[in-house]
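Colleague: Sharing a model that was predicted from the sequence below.
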Amino acid sequence: MPIRDAATVIVIRRDGAPSVLMGQRGASAAFMPGKFVFPGGATDPGDAHVPLADLPAAQADALSRDSRQPPHAIAAAAIRELWEETGQMLARPAPWPDAPIGWHGFAAAGHVPSARGLRYFFRAVTPPGRTRRFDARFLLAEASDLITDPDDFSHAEDELSLLQWVPLADARTLDLPFITTVVLAELMAHLADPEAPLTIPFFRNDDEAHLVARLGGRGPL
């Protein structure tokens, strides 16, 4: 099974107890049916042609390590999947007459994507034997950076149902993929000590021990 590059975005809302944006995959979905997940999916060819001049240099450098995709393509995929699956936009107003395929609706809203608040947080490869395999990068975003109403999901496509802001303290009570429980544990530890230097956990799933590597040093991420 070929491994496809993918991006997932974890949007954190802080107007109250911290919560994260999640939705439920359909019961008939080929991948992770019925599970609650963060918005995300595979990179598209057009993502490599999306202008993302505001992707922070430290994030671009981290995303480029051991990667088949340019960093702006991964960040763009995260923004596109968030928009498609939830109707929420990380963007800034600007004309975009030459938007690539897959981004025409985004451009029609009078916006271009903005990656200025994205932070690379986690990476995982789907284990062998699954119906689909992804090399997924998880990126953090703040709900305060959304230009859309965070409670309006009326423009979402139908890939995820029960879209909601889940209190972080309750998220692990949902029916989650294993890797999502791991990501949530990492996120809770990070939010409990936000000043601690950040490294990137990497679940490679390429050996029997399923060892976790830490990407990068404790630098400016």
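Modeller: Right, received. Where do you want to start? Numbers count the residues shown, from 1 in each chain.
Colleague: On the pLDDT front, check residue 51 for me.
Modeller: Here the pLDDT value assigned to residue 51 is 87.
Colleague: Can you give me the neighbour number for it?
Modeller: 13 (other C-beta atoms under 10 Å). The C-beta positions use only the backbone N, C-alpha and C, and glycine is treated the same way.
Colleague: same check, this time on residue 5
Modeller: Residues near residue 5, counting by other C-beta under 10 Å: 17.
Colleague: Now for it: which residues touch it?
Modeller: By C-beta atoms under 8 Å, 6 or more residues apart in numbering, the contact list for residue 5 reads 42, 43, 67, 68, 69, 73, 74, 77, 134, 135.
Colleague: one more time with 10 Å, if that's ok
Modeller: Applying C-beta atoms under 10 Å, 6 or more residues apart in numbering to residue 5 gives the contacts 42-43, 47, 67-69, 73-74, 77, 134-137.
Colleague: Restricted to buried residues, select the residues you listed in PyMOL.
Modeller: Buried members of the contacts of residue 5, defined by 16 or more other C-beta atoms under 10 Å, are picked up in PyMOL with:
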select buried, resi 43+47+69+73+74+77+134+135+136+137
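Colleague: Out of the contacts of residue 5, which sit inside helices?
Modeller: 73, 74, 77 (DSSP state H).
Colleague: wait, which of these is closest to residue 161?
Modeller: Nearest to residue 161 out of the ones in helices among the contacts of residue 5 is residue 77 (C-beta to C-beta; 21.6 Å).
Colleague: That closest one against residue 41, yeah?
Modeller: Yes - if you go by C-beta atoms under 10 Å, residue 77 and residue 41 touch, sitting 7.1 Å apart.
Colleague: Name the residues contacting each of the two.
Modeller: 6, 7, 8, 136.
Colleague: which residues of the protein fall in strands?
Modeller: Secondary structure of the chain (DSSP state E): strands at 3-13, 19-25, 36-37, 40-42, 91-93, 111-113, 119-125, 133-142, 160-167, 200-203, 212-215.
Colleague: now those strands in TSV, with distance to residue 59 and mean pLDDT?
Modeller: As requested, the strands of the chain are exported to TSV (distance: least, C-beta to C-beta, whole Å; pLDDT from 0 to 100):
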stretch	distance to residue 59	mean pLDDT
strand 3-13	12	96
strand 19-25	19	96
strand 36-37	22	96
strand 40-42	17	94
strand 91-93	17	95
strand 111-113	14	95
strand 119-125	5	94
strand 133-142	8	95
strand 160-167	24	96
strand 200-203	11	88
strand 212-215	12	58
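Colleague: Of all those strands, which one is nearest residue 188?
Modeller: Of the strands of the chain, nearest to residue 188 by C-beta to C-beta is strand 19-25, at 10.3 Å.
Colleague: can the strands of the chain go into JSON lines with extra columns for distance to residue 105?
Modeller: What follows is those, written out as JSON lines (distance: least, C-beta to C-beta, whole Å):
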{"stretch": "strand 3-13", "distance to residue 105": "18"}
{"stretch": "strand 19-25", "distance to residue 105": "19"}
{"stretch": "strand 36-37", "distance to residue 105": "22"}
{"stretch": "strand 40-42", "distance to residue 105": "16"}
{"stretch": "strand 91-93", "distance to residue 105": "12"}
{"stretch": "strand 111-113", "distance to residue 105": "10"}
{"stretch": "strand 119-125", "distance to residue 105": "26"}
{"stretch": "strand 133-142", "distance to residue 105": "20"}
{"stretch": "strand 160-167", "distance to residue 105": "17"}
{"stretch": "strand 200-203", "distance to residue 105": "31"}
{"stretch": "strand 212-215", "distance to residue 105": "33"}
